[in-house]
Every structure is written in C-alpha cells, then in structure tokens.
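return a 3D structure for these sequence lines:
(chains A and B)
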Amino acid sequence: MKASQLFFPTLREVPSEAEVISHQLLLRAGFIRKSSAGVYSYLPLGRKVLRKIETIVREEMDRAGGQEVLMPIIQPRELWERTGRWTVYGDEMFRLADRHDRGFALGPTHEEIITTLVDGEVHSYRDLPLLLYQIQNKYRDEIRPRFGLMRGREFIMKDLYSFDEDDNGLDISYRKMYAAYQAIFDRMALRYRVVEADSGAIGGNESHEFMVLADSGECTILYCEACAYAANVEKAVFMEDESAGDGVAMKPLEKVATPGLKTIQDLVRELGIPEKQQVKTLMYYADGEVVAVILRGDRDLNEIKLKNYLDCSQLFMADEHSVREQCGAGFGSLGPIGLAARIFVDSEAARLKNFSCGANQDGFHYINCNVGRDFAPTAVGDFKNAIEGDPCPDCGGLMRAVRGIEVGHVFKLGTKYSDALQAAFRNQEGEERPFVMGCYGIGVSRTMAASVEQNHDDDGIIWPMPIAPYQVIIIPVNSQKDDQMEAAAEIYQQLSNMGLEVILDDRDERAGVKFKDADLIGIPVKITIGPKALQENQVEVKKRWEKDVERVGITRVADYVRTIVQDGLAQK
RNA sequence: CGGGGUGUAGCGCAGCUUGGUAGCGCGUCUGGUUUGGGACCAGAAAGUCGCAGGUUCGAAUCCUGUCACCCCGACCA
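The predicted structure follows:
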C-alpha cells in the first residue's frame, strides 16, 4: 500500500475528549473516529487490526470445534420476555418499536436467540455437543460509555455458546474454551491473567475472566504471590482468622457521648478506638426493603456479594433522609442495636468482641458491643472486599492487587436459559432433557484498545506483529530523489511478493513527518532509505520496539525483514 | 441518574469577569525555497461563537431553557 493512497488521517495534537492512552493514540493515529458517545467508526488501519484479531479468534474457535454463525442484531421483545430479561436487563438495552408498535431490542447478547435456534433444530443427544459462535456488533446502552473503545455502547464481540448433554459435557466444553482463550490472548502477545469472576446478569455458576493487566483497567484483581489464586475483587475472598476473638471476655455494653464524631477516623482520633475494633453500619435498599449491613471499621462493602446473598435485583444505598426515618439518627451514628431492619453481619465483624458502633442517636456511640448478646443478626456472611495484603484463601500467602481490562469472560450457564425457553433434547434413554449450556465472550474492539494500553511509548503505538495493521513500512528519506524511490519500490515489490504487508511512504513529505507518522501508527518494522547508506548499497532497518538501527545490504534486506516478521508472528 | 467540567475554523486553544467590526498556533489551498525526526518565506480560503428564547441601540460575552461531549461514582466484552 502506498501511503499517498492510504486513508490514515493522523493528528498532531491530542483531541481534548480523550483521556486514556489507547483512546488518544487510536484517534491520533487515524484508526478510529467517534460518531457519538461510545460509538465509533473504524478507519482502514483500525479495520485491519480488528480483522487480524478476528482471524486469530476464528482460528482458535474453529480449532476448538466451534462453528461460525451470524445471528440477528434486531431481536423480538417476546423472546426476551420469556426469559424475564426484557425487564431484568433494564435501561441497558437499546429498544425500538416497528411500525406496528411491536417491541424489539438491539442485541446486547444472544442467549435467547441461540437457545431458540438450537431448540428448533437439535432434538437428540447424538447431535451434541454443539458449539456455535459469531463475531458481531453488540449494543449496550451503558450508563457511562468511556475510555474510547474500552467501554462502548456499540462494540464488536465474539460470543460462543456451548450445548451439552450434561454437566460433564459442559465441563469439557468449558475447559476447551478456557484453553482456546489462553491460546488467543497468547497469540496476540497480551500480558493477561485469568481470574475467578462473578457471573453477574448473564447468570450461571462457574465463571472466569481474562484480564489484560493495565493501570487504566476498570477492574481490580487480587492474586496470590505464592500460589495460582487470582480473582476479580467482586468475587475475591481471603483466609479469615477463624479464632479471632476467641477467649476474649465480653465487657458490659456502655453508651458514650460522641458529639460531632461521625466517621470511623473521628473515633480513632478522638477516642483512640482502632478501626479494627469498630464496626460500620450501612443501610441499603434491596428491592425496596431497607436492610442493614455490618462491617468491621477498616473494611469496605462488596455490593456484588451482598446482592448475590440477598438474591435481589435492585440494590442501592439508602439516602440520609430515609435512614433517619428508619433509625432515628443520621449517617455516622448508626448501629445494629435496636434496629428494626434485617441485619446482615460480615463474618469478620461477627467475630469481634467489645467493638464500638453508633447508637442510632445523633452524638452517641456504644462501646463494648457484642454480636448475639446485644443484637441478633439476621445472617452472617461474607460481604466485604478483599484488599491487597490479605492472606490468600487457598494457601495463606500474601495477596496483591492490580488493575485489569476484561477482554474475555467464560461462563457455565447450566440450564438457566434452556429451562426458561424450554429448550430440550432426547437423551439415550429417550427422556427429555434441557440443554446444558455455557457462553464465552471476547471483546474484540476492546482487545484492540487493551493492546494499545500495553504496547505504546511516547511516540505512539507499538503493535505486536500478529495484530499489526501492516508489518513493514518503507521510508525513502527524500521522495524527490529517484535512486531512493527506485530502491524503495524494489524492496516494496520483493516484500510484497513474499506475502508481507507493507506500506511504502511515497508522500512528498519531509523525512521527519514520515518518521513521526510511522512511529505513531506503530508499524513494527521500519526500513529507511537514505543517501548515505544507499551509496554503500545499504538501507537501515529499525524495529519499533528497539532503540538501535541496523544497516543491512540492499540485496539481502528483504530476506532479513522477512525473518523479523516471521519471528514476530511465531513468538508467543 | 447524582457530582464536576467543556462547547468559538478540520485539531488544540484565547477572547467572556467589565457587551461595541471574531483572534492565535497547528493543519488545509496557491507560489517559491527546502529535504534524515512534525521546514521556511509570501499569499489565500475557512467560524450561523452547540441550539432556542430573552435583556439591550448593540450579545461569543449578561439571563433562561435545551442539546451534545468529557471526567468522578453504580454496569460489563
């Protein structure tokens, strides 16, 4: 491709709307342009990268036994009502009506469609397992689209669905997909980590996320330094000290005046009570009911864990006004004693002896409070976030926290959708059984952004060879010198004949402009053709990820560059 | 949705407090000189100042409404 013909509008300055590096660079390098919030056009270079990612995904899905299909984006309301998700999915679903006022959704995911499709055509265990996938736009009306391609409202996703006879079959399909995902992200040279995950709105039990490690990631991951444990903070647990508080004598409950003291830190400072000897009381609305959650003073609530425990669909913090109505005191003076609401106590807080808490009266706290003696919890469970430094639940080793971008997610769905949609087959005994399903997603467009987050420097993007839009760029330093242009054209022809993807920067620009653009768009190998080296029948070869420039004889440069490209494609 | 912020030429911004002929840098176009890390000189084009009302002799500037976009929180590939 000649650069003079290639549509890649680069920007010298950073568009003010872009905050994270991948967004800035993809805009500046001319890979994407925004249409509206969270909705983008992909320009030629961006499209090429997407295709490369899609190709790797396809190859691995096919290798794992998947078959590609393409399902509708426009999906009928009726189907979503049968699984209850027309309401459950809420405002996040784009909805529309046709001229007859029939309801439709723009597909945010495809469980309903695929389950119905398979149910219609597959009736026997002999046809299982069946693994179907597609690569297609998904639509989610995110509350807040942000970070360019990282959280869009329209994005490209690969979604595969597995249909098996039983749990055993699902385990096999799940393991296949898990391995295929590792192969995919390995091939794209991403630094990632697989973590245990909460399954969220999609449903099901076992679930893992594939997290690309990057500071700009929206997820927090906890992993053990000593063993293989790693989990999304939403799901992460730690080894608690089961014997904490054992043998400590309970002291008499005492109410103390604490005028103006509202926070945990206030009590630490003014009364010298350590954080870990206090509890915090949080009031939440769970599907309309007010509930109280008790945590140790140094812990934060994990809303996902609470939501799962309560099995509710809506969970949000109560406002101060209704808290006051319920408890007789405002934030900062709440406590479990005398509360009418159901009280859920975190396991760690439940083991505390003689802790302090609010007295449900402004300006007063209790000290020497004890669970059981002073109030009866509705239930004790794990409702807290694990944090860096907590002991690993598997081995007790130290856990670390890092940020990650979720690029893949695998779920065991079980029979959630096949039950709801009555999708079933006949087993060997002639009995009707619901399909046992799994679903497996990869954010294709997000993966492109994640790769940039991990692979860039001050000058621009550094594409890994397997997903680079072009592998080589040839820069004649002076486009008006015939000898340079002829040498460039010759090398271009040789490399193209070898099947490499090459840009020839034939533009009548100064060398500096060409170098800057080449670095910005991140082409892995750069061949510079300048007067000095050319006199000695040499050209310069530079790898985007290295500092040094090599001189190579003009007759062997094509073979030399081919080796670099092949090495880049081969390495994991 | 709550909180914060921004809308002025393709991009980045100034002007707004204190109303009076719309500016700067980059980019674009023309001509010339240049040609190894975003060149120089000369000239040119390009903006209903997000939109709609209002106040005023006069509004980018003041007031009201509205839309869009960005950032921080709850969601997820």
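
phi, psi of the spatially closest residue to A:Phe331 that is not a sequence neighbour?
Leaving aside its sequence neighbours, A:Phe331 sits nearest to A:Glu320 (C-beta to C-beta, 6 or more residues apart in numbering; 5.6 Å). For the C-beta atoms, the positions are set from N, CA and C on the backbone; glycine is no exception. In terms of degrees, to the nearest 10, the main-chain angles of A:Glu320 are phi -60, psi -30.

what's around the residue in the stretch 451-572 of chain A that RNA strand B sits nearest to, how many residues?
As assessed by C-beta to the nearest atom of the strand, RNA strand B sits closest to A:Gly530 within the stretch 451-572 of chain A, at 1.4 Å. Counted with other C-beta atoms under 10 Å, the neighbours of A:Gly530 add up to 17.

kindly report the same for A:Arg102.
Counted with other C-beta under 10 Å, residues neighbouring A:Arg102 total 11.

now do A:Tyr366
Neighbour count for A:Tyr366, taken as other C-beta under 10 Å: 21.

so it sits in a strand?
Yes. The assignment for A:Tyr366 by DSSP: H, G, I helix; E, B strand; the rest coil puts it in a strand.

surely it meets A:Thr258?
No. Using C-beta atoms under 8 Å, A:Tyr366 is not in contact with A:Thr258, being 9.9 Å away.

the stretch 51-200 of chain A: helices as residue ranges?
For the stretch 51-200 of chain A, the helices defined by DSSP state H, counting those that start in this stretch cover A:77-82, A:85-88, A:111-121, A:167-187.

got the buried residues for the longest one?
Read it as helix A:167-187. Residues of helix A:167-187 classed as buried: A:169-170, A:173-174, A:176-178, A:180-181, A:183-185, A:187 (neighbour count, 16 or more other C-beta atoms under 10 Å).

thinking again about what came up before, and the pLDDT at the residue nearest to A:Phe331?
pLDDT for A:Glu320: 75.

now swap in A:Gly84 and tell me
For A:Gly84, the model assigns a pLDDT of 88.

and what of A:Tyr366?
In the predicted model, A:Tyr366 carries a pLDDT score of 93.

what's the answer for A:Lys572, then?
A:Lys572 is given a pLDDT of 58.

A:Ala201 too?
What the model reports for A:Ala201 is a pLDDT of 54.

find the closest residue to RNA strand B in the stretch 351-500 of chain A.
For the stretch 351-500 of chain A, C-beta to the nearest atom of the strand, closest residue to RNA strand B: A:Gly443, 2.7 Å.

list the contacts of that residue.
By C-beta atoms under 8 Å, 6 or more residues apart in numbering, the contact list for A:Gly443 reads A:Phe155, A:Ile156, A:Met157, A:Glu406, A:Val407, A:Gly408.

quick one: low-confidence ranges for chain A?
Within chain A, the segments meeting pLDDT under 70 span A:200-204, A:572.

A:Pro476: neighbouring residues, count only.
With other C-beta under 10 Å as criterion, A:Pro476 counts 29.

meant to ask about A:Tyr560
15.

my guess is it contacts A:Val539. True?
No. In this structure, A:Tyr560 is not within contact of A:Val539 by C-beta under 8 Å, at 9.8 Å.

name the residues contacting each of those two.
Residues touching both A:Tyr560 and A:Val539 (C-beta under 8 Å, 6+ apart): A:Val552.

can you give me the end-to-end distance of stretch A:251-265?
Terminal residues of stretch A:251-265 lie 23 Å apart, using C-alpha to C-alpha, to the nearest Å.
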